[in-house]
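[1] Pasting the sequence and the predicted coordinates here, then a few questions.
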Amino acid sequence: MDLSAADLGVLVSEGFTVLEEQVLPAFGVTLRRLQAPRAMTLEAARDRIRRLDTGREADFNHFYRGEAGDCTGPHCASVAQIGWALPSTREGCGADILIGMIDTGLNADHDTFEGARLEIHRMGPDAAPSGEMHGTSVASLLVGAPGGRSPGLVPDARLLAVDAFEKVRGDERADAFVLIRALAHLIERDVAVINLSLAGPANDVLEGAVTRLVAEGVVIVAAAGNGGARAKPAYPAAYDGVLAVTAVDGKGEPYRRAGRGPHLDLAAPGVEVWTAASISGGRPKTGTSFAAPFVTAAAARLLQADTDATPVDIARRLADRAKDMGAPGHDEVFGHGLVPAVTCLADGPVPKAE
């Protein structure tokens, strides 16, 4: 990200090739995707770039995947579990809050999005959208139709859904280059909160983009990942300033495949959560992907009542009001505990934490 002309010239003279270049005005930088010389390993290529003054944040073009898990059985009463009251209409709850979401494509013609203030922006490497199953489910948890089979938690919010995924030989994924471009697009649109129901490895360039967003006051919520209790931390959830969300079942037990660690912030329903299917109707879904929107909605409800709240403010208020689970206090399984119920502004003012 933002190699100087001199350093880029050095790399080109050594056999590096510029595959793609993108100016990101929101970050004030130019993002480049490079190909290493044939005789050089990827590790050696990264290390070479990092030795340059303006290449210290260089990293691989990692892949990030939607964090959906296995799902069987009937849906759980996830909304009742956290004590939320679902809005009966689209008016009021989430109004004037712009939520950004980076995910797969979604089916905008699904009945659950009738009347929703939904915008879809395609940013993947191909003109065609990616699959619609994952994105449709995540979006419906946020802005699904009140009173429908998959009602949304903040149905009057504006949702800007960026499809940054592609399907390669059955593998649906977003690479780091496109993911960073998507984040830059969202900050250009002045989103208040971003839902990232995706996970992958640590990436220095992605971390730099996330750091910029948090510094700009954007609340970022990310799925903790479905690698299991012994897995390494998943990113971007494990970056500083990001609200990392794990999943629990209807009894408050941890989802067996959810990631763990000291970076976890909150738990939310994520096992057999009833949400919209890709074409019509609904079905239960499981994974930390489907827990993240509960925290995104909670953040949006708080921001609707206090537009000046910073990401630190939002994180503190949610942590202070979370229902403690597991070991007393913050732990590596549930974070601060189950996401608290947050009243919609339409139903009365939200009390601020001291």
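    Structure's in. What do you need?
[2] so how far is Pro269 from Arg149?
    17 Å (Cβ to Cβ, to the nearest Å). All C-beta spots, glycine's among them, are computed from the backbone N, C-alpha and C.
[3] Of the two, give the one with the bigger neighbour count.
    A side-by-side neighbour count of Arg149 and Pro269, using other Cβ atoms under 10 Å, places Pro269 first with 29 against 18.
[4] which residues does that one form a beta bridge with?
    Val248 (DSSP bridges).
[5] Surely it touches Trp84?
    No - contact criterion Cβ atoms under 8 Å: Pro269 and Trp84 do not qualify, at 10.1 Å.
[6] shaky segments in the stretch 201-350 of the chain?
    Residue ranges of the stretch 201-350 of the chain with pLDDT under 70: 345-350.
[7] ok, which stretches of it are strands?
    Ranges of strands in the stretch 201-350 of the chain, per DSSP state E, counting those that start in this stretch, are 219-223, 242-248, 266-269, 273-276, 282-285.
[8] Out of those, which one sits most buried?
    Counting by mean count of other Cβ atoms under 10 Å, strand 219-223 has the highest mean neighbour count of the strands of the stretch 201-350 of the chain, with a mean of 31.
[9] Please name the strands paired to it in the sheet, noting orientation.
    Per DSSP bridges, strand 219-223 is paired in its sheet with strand 193-196 (parallel), strand 242-248 (parallel).
[10] now the ones you listed as a markdown table including distance to Ala58?
    Below are those laid out as a markdown table (distance: least, Cβ to Cβ, whole Å):
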| stretch | distance to Ala58 |
| --- | --- |
| strand 193-196 | 22 |
| strand 242-248 | 22 |
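[11] Figure out which of the ones you listed is closest to Arg257.
    Closest to Arg257 of those, according to Cβ to Cβ: strand 242-248, at 8.5 Å.
[12] Could you check how far the closest one is from the centre of its chain?
    Its chain's average C-alpha position is 10 Å from that of strand 242-248, according to Cα atoms, centre = their mean, to the nearest Å.
[13] for stretch 238-250, same thing?
    10 Å.
[14] That stretch: end-to-end distance?
    End-to-end span of stretch 238-250 (Cα to Cα, to the nearest Å): 25 Å.
[15] can you check stretch 302-316 too?
    By Cα to Cα, one end of stretch 302-316 lies 11 Å from the other end.
[16] Buried residues, it. List them.
    For stretch 302-316, the neighbour count (16 or more other Cβ atoms under 10 Å) marks Leu302, Leu303, Gln304, Ala305, Ala309, Pro311, Asp313, Ile314, Ala315 as buried.
[17] Without its sequence neighbours, what residue ends up closest to Arg173?
    In space, Arg173 comes closest to Phe63 once its chain neighbours are excluded; the distance is 4.3 Å by Cβ to Cβ, 6 or more residues apart in numbering.
[18] Okay, and the beta partners of the one you found?
    Bridge pairing for Phe63 - DSSP bridges - gives Asp175.
[19] so can I have a markdown table of the strands of the stretch 201-350 of the chain showing distance to Ile102?
    As requested, the strands of the stretch 201-350 of the chain are exported to a markdown table (distance: least, Cβ to Cβ, whole Å):
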| stretch | distance to Ile102 |
| --- | --- |
| strand 219-223 | 10 |
| strand 242-248 | 13 |
| strand 266-269 | 19 |
| strand 273-276 | 18 |
| strand 282-285 | 18 |
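[20] Domain boundaries for this protein, per the record?
    Domain assignment for the chain by automatic domain parsing gives 5-50, 63-347.
[21] Quick one: closest of these to Arg56.
    Ranking the domains of the chain by distance to Arg56, with Cβ to Cβ as the measure, places domain 5-50 first at 5.5 Å.
[22] avg pLDDT for that closest one?
    What domain 5-50 shows for mean pLDDT is 96.
[23] what do you get for stretch 165-181?
    For stretch 165-181, mean pLDDT is 91.
[24] For that stretch, list every residue counted as buried.
    Those would be 165-167, 172-181, for stretch 165-181 by 16+ other Cβ under 10 Å.
[25] Let me know whether Phe334 touches Met325 as I believe.
    Yes - at 4.2 Å, Phe334 counts as touching Met325 under the criterion of Cβ under 8 Å.
[26] which one of those two has more residues nearby?
    Applying other Cβ under 10 Å to Phe334 and Met325 shows that Phe334 carries more neighbours, namely 24 against 18.
[27] From Arg181, how far off is the more buried one?
    Distance from Phe334 to Arg181, counting by Cβ to Cβ: 34 Å.
[28] Repeat that for Val214.
    Distance from Val214 to Arg181, by Cβ to Cβ: 18 Å.
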